[in-house]
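K.L.:
next comes the sequence, and after it the predicted model I'd like to discuss.
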Amino acid sequence: MNAAQRILELRAELDLHNYRYHVLDEPSIPDAEYDRLFRELKALEAEHPELVTPDSPTQRVGNVALGAFSQVRHEVPMLSLGNAFEEADMHEFDRRVTEGLDLPVGDLFGGGAEVHYSCEPKLDGLAVSLLYQDGQLVRGATRGDGTTGEDISVNVRTIRNIPLKLHGSGWPATLEVRGEVFMSKAGFEKLNATQMEQGAKTFANPRNAAAGSLRQLDSKITASRPLEFCCYGLGQVSENIADTHIGNLEKLKTWGMPISRELKLAKNIGECLDYYHDIGARRNDLPYEIDGVVFKVNSLASQRELGFRAREPRWAIAHKFPAMEEMTELLDVEFQVGRTGAVTPVARLKPVKVAGVTVANATLHNMDEVARLGLMIGDSVIIRRAGDVIPQVMQVVLERRPENARPVHIPESCPVCGSHVERTQLVKRSKGKETVSEGAVYRCVGRLACGAQLKQAIIHFVSRRAMDIEGLGEKSVEQLVDEGLVASPADLYTLKFDDIVDLEGFAKLSTENLLQAIADSKRPSLARFIYALGIPDVGEETAKVLARSLGSLARIMVALPQVLTYLPDVGLEVAFEIHSFFEDAHNRTVIQQLLERGLDLQDQGDVHPEYAASTTLAGMIAKLDISSVGPTGAEKLVSKLDSLDKIIAADGIDLRQALTTKQAEAVREYFKVPENAARAKAVEQQLKDFGMHWACEKKRVEGLPLAGQTWVLTGSLERMSRDIAKDKLEGLGAKVAGSVSAKTYCVVAGPGAGSKLTKANELGLKVLDEDAFIDFLAGHGIHA
Ligand code: IVH
């Protein structure tokens, strides 16, 4: 292909993407790919100036107006910015600025004049102009092609942080403010979740979501979207405000205009680069997405002196960060089997660098996601790696689908063990009702007979927060399973020296160490053990709640789902998972074997008094989900009929003394069904067996010493691990939180404590160092 042909091809492609990006708000390729095509075209045109035509995308920056909104002319054009990708580009920019201002340019040893720059994040949203007349917002407009935009006044008025009227006084009669409309990361996630729930289209990234929300013909939709505005400059003004760019923005802030919290002054280009690195390091933690930082010559007189080149100011530049989205090819879809047997599709990708990290795999979550994306093997796909999150496939580039693209099929049998793969509907239970939701989960029915599930189960069982068996890595677990030495977690406790020493990476000493670690793991706390079992949906917190409330493995194993729902944060769904885990014969056998092989659970005891007190008869009645009988109805019922037997036996007359006719009828109907009465009796019986009958319901619980207090641990602790410190505090009734706020009661700060300690001091909170903390624990009879 010759240059002329390639130029035409590039223009056609760029035009199409321009249209999709600016008019449809549905870009089909990542910005990085667009930039590459654009640069290729620019380079070709530079080599062949005779081929440049006025309709080339390089000759026009901006977009076509959508048409449905009325048009607005920008008195002062809305420009774009030149980009810098490398540090060298930034030094080059600084040199051009310095020269342009007739200031001495330095050499390798410095000596040049230093220009002050303003530094701001480059928000990834869309540029908007707001016109204020006599302090009133009279118009909002998009950038359009820079000269003509669209009137989106109605929509702009729905954005909550845009002042409809300026605060204070002293503003110019005509004041045009410019800035970015964007969506925070959290707002974007929430919006997509709602869209997904409603079966509406989801957005590929916060920028598209912001664009799609702002350019809605129905402003009610805009109003329902979490849009925000951030001001970064001025357009038309009837009067000058300040002498510097930062001065302008700070003045605008006093008039109620939102400006960036990250706005800073750099006294030279070196400080600009520091700013770039600082923001870059915090990029993932910022609540909104940015694609770079913007530097502007701070002095407005200098800005005027420098002026413009084509469509870009000479006094400003965008220093871009690596792109978070890239395009690559979907080579295949493979299926992985997780700990609970869920079979999940995983995308195998042609390796591509996204924001500095090579990505070759991406999770596809489930088959619904594959269907939603309309994914076929061979497709070009957009990969996004936002922050520390695992890479996601965001979109298929349909224009690039090859002819031989193949559909993705779920395998009928497990790729690991060959067992049948079963399609289970996601069942949602709430208040005893079961509803089947849309999504489907595919599960290998092989359970611990499936190598993949067994390996995952054992890896979880031995992990640090579970049984904490050190020296048994994933590779060794795989070998033990593959060699048939371990067929359940209980088999770990029958391993012999000879079984281990031959494994890859093991020698005499490491084998002895591992055997010792296995032996040492035989006295776990009940909570650790429950967590180690890997019950679906039971994480560390739930395991702790189960252990602390019910006090013994025996009780947890027999607990009825309804009884479990008395526990804090345990809903019916989790309760059913727990119950059916312990009902399963195989699981019971494994637990039995573990106990026979010497496992000795610590910290077992009585039912926790607080839990006991939470079980009231009225509470139980309310949980039965008798139609029209909620907590208040249940209270009334119990105030007249104070035992379950009486309630079950009650006739309509008795019941109507406490309830409305409708409620009384519902209670009668409910208990007429023998299974309902039997279930209620079984729950009551179990609560009694656990020693928590409602006869004692009035008894006040002696609170634990730290009940109601929130503690925060920060820095490193040397005499006790953070996990153990957390356990101890929780044992005394405290809540342990991850961040400091005015509600924090006390902060334990070890060496290296940083911002949390600073904040605690600012708030004047109680702070203990490690020694003081250990003394404090000792004061409560707890020793490190
Ligand atoms: S200044 C004449 N400052 O980036 C200078 N732009 O590529 C005009 N943007 O259209 C822009 N954050 O949508 C400026 N702090 C910032 C910005 C910013 C984001 C966007 C804006 C503009 C594009 C320029």
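P.N.:
Thanks, I have it. Worth saying up front: this structure is predicted, and the values here are computed from it rather than measured. Numbering: from 1, shown residues only.

K.L.:
buried residues of the one helix or strand Ala88 maps to, list them for me.
P.N.:
Per DSSP states H and E, Ala88 falls inside helix 87-100. The neighbour-count check on helix 87-100 (16 or more other CB atoms under 10 Å) flags 90, 93-94, 96-98, 100 as buried. From N, CA and C alone the C-beta is placed, and that goes for glycine too.

K.L.:
the residues you listed: which two are farthest apart?
P.N.:
Met90 and Gly100 (15.4 Å; CB to CB).

K.L.:
would you map the strands across the stretch 401-550 of the chain?
P.N.:
406-407, 421-430, 433-444 (DSSP state E, counting those that start in this stretch).

K.L.:
what's the first one packed up against?
P.N.:
Here strand 406-407 touches strand 376-377, going by 3 or more CB pairs under 8 Å, 6 or more residues apart in numbering; DSSP states H and E.

K.L.:
the strand it packs on pairs with which strands, and in what direction?
P.N.:
Using DSSP bridges, strand 376-377 pairs in its sheet with strand 406-407 (antiparallel).

K.L.:
my read is that Ser628 contacts Ala666, right?
P.N.:
Yes: between Ser628 and Ala666 there is a contact under CB atoms under 8 Å: 5.3 Å.

K.L.:
more neighbours, these two?
P.N.:
More crowded of Ser628 and Ala666, by other CB atoms under 10 Å: Ala666, with 18 against 13.

K.L.:
residues in contact with the helix or strand encompassing that one?
P.N.:
Per DSSP H and E: Ala666 is located in helix 661-672. By CB atoms under 8 Å, 6 or more residues apart in numbering, the residues outside helix 661-672 that reach it are 624, 626-629, 633, 637, 647-648, 650-652, 655-656, 658-659, 676-677, 680.

K.L.:
inside helices: which ones of those?
P.N.:
633, 637, 647-648, 652, 655-656, 658, 676-677, 680 (DSSP state H).

K.L.:
which bits of this structure sit near the ligand?
P.N.:
79-81, 120, 122-123, 127, 143, 180, 232-233, 294, 313, 316, 318 (CB under 6 Å from any ligand atom).

K.L.:
poorly predicted segments of the stretch 651-784 of the chain, please.
P.N.:
Scanning the stretch 651-784 of the chain for pLDDT under 70 picks out 692-703, 784.

K.L.:
what are the boundaries of the strands in it?
P.N.:
Under DSSP E, counting those that start in this stretch, the stretch 651-784 of the chain gives strands at 710-714, 735-737, 746-749, 766-768.

K.L.:
host element of Arg178?
P.N.:
strand 174-183.

K.L.:
and that strand, what does it pack onto?
P.N.:
Contacts defined by 3+ CB pairs under 8 Å, 6+ apart place strand 174-183 against strand 126-133, helix 206-214, strand 227-237.

K.L.:
among the ones you listed, which gets the worst mean confidence?
P.N.:
Among those, helix 206-214 carries the lowest mean pLDDT, a mean of 93.

K.L.:
returning to that earlier point: between Ser628 and Ala666, which contacts overlap?
P.N.:
Joint contacts of Ser628 and Ala666 (CB under 8 Å, 6+ apart) do not exist.

K.L.:
circling back: single out the most deeply packed of the strands of the stretch 651-784 of the chain.
P.N.:
strand 746-749 (a mean of 24; mean count of other CB atoms under 10 Å).

K.L.:
with only the CA atoms kept, save that one in PDB.
P.N.:
Extracted as PDB, the C-alpha positions of strand 746-749 are listed here (Å, rounded to 0.1, in the frame of the first residue of the first chain):
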ATOM      1  CA  CYS A 746      -8.200   5.100  69.800                       C
ATOM      2  CA  VAL A 747      -5.300   4.700  67.300                       C
ATOM      3  CA  VAL A 748      -2.500   2.200  67.900                       C
ATOM      4  CA  ALA A 749       0.500   3.500  66.000                       C
END
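
K.L.:
now it, how far from the centre of its chain.
P.N.:
Offset of strand 746-749 from its chain centre (CA atoms, centre = their mean, to the nearest Å): 27 Å.

K.L.:
sheet-wise, list the partners of it with their directions.
P.N.:
Partners of strand 746-749, by DSSP bridges, with direction: strand 710-714 (parallel), strand 766-768 (parallel).

K.L.:
in a markdown table: those, plus distance to Ala547.
P.N.:
Shown next, in a markdown table, are these (distance: least, CB to CB, whole Å):
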| stretch | distance to Ala547 |
| --- | --- |
| strand 710-714 | 20 |
| strand 766-768 | 27 |
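
K.L.:
how long is stretch 380-392 from one end to the other?
P.N.:
14 Å (CA to CA, to the nearest Å).

K.L.:
name the residues of it that are buried.
P.N.:
380-386, 391-392.

K.L.:
next, the buried residues of stretch 354-368.
P.N.:
Buried residues in stretch 354-368, defined by neighbour count with 16+ other CB under 10 Å: 354-355, 359, 362, 364-367.
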